[in-house]
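> Sequence first, then the predicted structure, then my questions.
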Amino acid sequence: MKAEVVCSCDTCGDGIALPLDGTPAETTCGCCGDGVRLGFPDALGRRTRCAICGCPALYVQRDFNRAVGIGIVVVGAVLAPFTHYVSLGVATLADLALYQLLPRITVCYACEAIHRGVPVHSEHGAFDHHIEDRFKVEKSKRQMAIQNWRRARSSR
Ligand SMILES: [Zn+2]
Ligand SMILES: [Zn+2]
């Protein structure tokens, strides 16, 4: 798997993928044309920081496609009355097996950038709501500041 980081555009929120091959990368958002720069190109190779914002608070999760997972369970549930509910158990097991096979991704608490195809560091644990809450407060403060700044600029 190719190492890449997927972040969202600061301006319009669209998803942008940047390669993580150790070279400084720059790209423009396909949606609004704003420039996006990889702040810390080799961050997850040697250090353990977010490649976009440099934040050290990261968590690890499976690269799980929720729609596929739910789809399997729905099929199992629909077939359940005809299979004496065996299909429901099979679907649940299939979901679990799929989950174990999925690659792990490292996600940034601060900017929610997703790092794919990079080694998972042992110091990054699973998602923690307490840490996320702390960053949520920070994030809303930052968004407020951006909004105020935009309002001040447009009223001038
Ligand atoms: Zn954009
Ligand atoms: Zn980040």
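Arrived safely, thanks for sending. Being a predicted model, the structure only gives us computed values, none of them experimental. Ligands and ions are numbered 1, 2, ... in the order given.

> Which pLDDT value goes with the most centrally placed residue in the chain?
By Cα atoms, centre = their mean, the chain has its centre lying nearest to Ile114, at 3.6 Å. For Ile114, the pLDDT comes out at 93.

> quick one: Pro24 from ligand 2, how far?
For Pro24, the distance to ligand 2 equals 16 Å [Cβ to the ion, to the nearest Å]. Glycine gets a C-beta too; all of them are placed from N, C-alpha and C.

> Show me the shaky parts of this structure.
Low-confidence segments of the chain (pLDDT under 70): 45-46, 156.

> any idea how it splits into domains?
4-57+105-154, 64-102 (automatic domain parsing).

> Next, the distance between the ends of the shortest one.
Domain 64-102 has an end-to-end distance of 7 Å (criterion: Cα to Cα, to the nearest Å).

> just the longest one next, same as before
Using Cα to Cα, the gap from the first to the last residue of domain 4-57+105-154 comes to 36 Å.

> how about that domain, does it get close to ligand 1?
Yes. Using Cβ under 5 Å from the ion, domain 4-57+105-154 reaches ligand 1 at Cys9, Thr11, Cys12, Asp14, Cys29, Cys31, Cys32, Asp34.
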